[in-house]
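# Pasting the sequence and the predicted coordinates here, then a few questions.
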Amino acid sequence: MTNLPFNITSTPTNSDPVNRLRIIVLGYIVRGPIGGMAWSDLHYLLGLASLGHDVYFVEDSDDYPSCYDPVRGVMDTDPTYGLEFATRIFAKVGLGDRWAYYDAHTSSWYGPCAHNILSVCATADVVLNFSGVNPLRPWLMEIPARAFIDKDPVFTQIRHLTDPAALNLAKQHTAFLTFGENIECNLSTIPNDGLPWQATRHPIFLDAWPATSGVEEGKFTTVMLWDSYPAREYNGQHYGMKSDSFQPYLDLPQKTESIFELAVGSPTAPRSLLANQGWILQDPHETTLDTWTYQRYIQQSKAEFTVAKHGYAISHCGWFSERSAAYLASGRPVLVQETGFSEWLQTGNGIIPFKTLVEALAGIEEINSRYKFHCQAAREIAEEYFDARKVLTQLLDRII
């Protein structure tokens, strides 16, 4: 295994076997073999393992073509690319014998745990299902604590309100946690789908994301999808994607001497328009080829500039990106569109929120004028708010 700057087995914080849980993490790495998406799941796996829990990753093909192959550029039922991707990633982080993939199209199990995963599930205490993207098969339904982790607030609730089948699948869970942190304090307008949502946030396994020296002459960057999926309409309100949020900032590079780069995906992205407005465009496939190219891209950046999905901002839901938290952990300031996260997250140092172009320009000047200060503050915020050991301990307390 490649040497890494961390060891998940060296200092587990929970050595009491009475409190050690067997946890199944249902994720999206085989079907979504992209660096940033893989990190999203790895933070949970590495964090839980470092706490001393007995953790396994399980993924399900579901019953429709859902396997993305970035080389062939197709979405079909063939998991070959994703299985090879997962094998490399899990081996590199020390979880090479801790995962399995169920292919419903062939009724076959793959991965190092294929032979015993059903017995593992039969003795599990907790299952974490990210955004409900994995069906709860019979071998998961007997696990006593089944948590739905909503990574896409507002849009998840609208789906439940407009799709009875999706709501019925969600109701198979026993606990409901959302990144829309303002849902509990009645500060958001997230539509009420009737489920008892509790607040959580994305963990960052800080041992794997050390702070590195920033480059003052570097670029403001981000990795984004212009349109993740079609916008939603509910009760007369439009809930859009980043494409809706980006319009006021199209000419931002022309109004400052700082350099801005986008690793932007989705066929609808207006690449010629963005380039003409002064944005440097990076190939998102190269950036997200694997977890390490993605991490290096963030570490080689000066800071992040990003907008949020329009639906997050308009609902004041309090969502904060895992990617932005990774910038913070790396010691990189983030200039991010306000979604209501300032209600629960310290801002002004390391994190600069904005609602308008004028505020964004002021944020650029603030970061440039006190760059080293904001870099240090960024890491401190990551340690205080996003440390996986803290976040996941609180998560389990709410589930069990």
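On my side now, so go ahead. Residues are numbered from 1 along each chain as shown.

# Packing partners of the helix or strand hosting Gly36?
In the assignment (DSSP states H and E), Gly36 maps to helix 35-50. Contact here means 3 or more C-beta pairs under 8 Å, 6 or more residues apart in numbering; DSSP states H and E; on that basis helix 35-50 packs against strand 22-26, strand 54-60, helix 80-92, strand 126-130, helix 291-299, helix 322-329, helix 388-399. No exception for glycine: its C-beta is placed from N, CA and C like everyone else's.

# what do you get if the cut-off is 6 Å, keeping everything else the same?
strand 22-26, strand 54-60, helix 291-299, helix 388-399 (3 or more C-beta pairs under 6 Å, 6 or more residues apart in numbering; DSSP states H and E).

# Adding distance to Gly96 and mean neighbour count, write these out as a markdown table.
Listed next are these as a markdown table, based on distance: least, C-beta to C-beta, whole Å; neighbours: other C-beta atoms under 10 Å:
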| stretch | distance to Gly96 | mean neighbour count |
| --- | --- | --- |
| strand 22-26 | 15 | 23 |
| strand 54-60 | 11 | 24 |
| helix 291-299 | 14 | 19 |
| helix 388-399 | 20 | 19 |
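
# how far out from the middle of the chain is the helix holding Gly36?
9 Å (C-alpha atoms, centre = their mean, to the nearest Å).

# Where do the strands of the stretch 151-300 of the chain begin and end?
175-178, 198-199, 219-225, 232-234, 237-239, 259-265, 280-281 (DSSP state E, counting those that start in this stretch).

# Which residues are in contact with Val309?
Actually, residue 309 is Lys rather than Val. 241-242 (C-beta atoms under 6 Å, 6 or more residues apart in numbering).

# repeat that with 7 Å
241-242, 245 (C-beta atoms under 7 Å, 6 or more residues apart in numbering).

# just those now: which is nearest Gly265?
Ranked by distance to Gly265 (C-beta to C-beta), the contacts of Lys309 are led by Lys242 at 10.6 Å.

# wait, what's in contact with that closest one?
224-226, 307, 309.

# Can you say which of those are buried?
224-226, 307, 309 (16 or more other C-beta atoms under 10 Å).

# from those, which single one is nearest Ala329?
Met224 (18.7 Å).

# Bridge partners for the closest one, pull those for me.
Taking DSSP bridges as the rule, Met224 bridges to Val264.

# right, and it touches Thr306 too?
Yes - counting by C-beta atoms under 7 Å, Met224 touches Thr306, with 6.4 Å between them.
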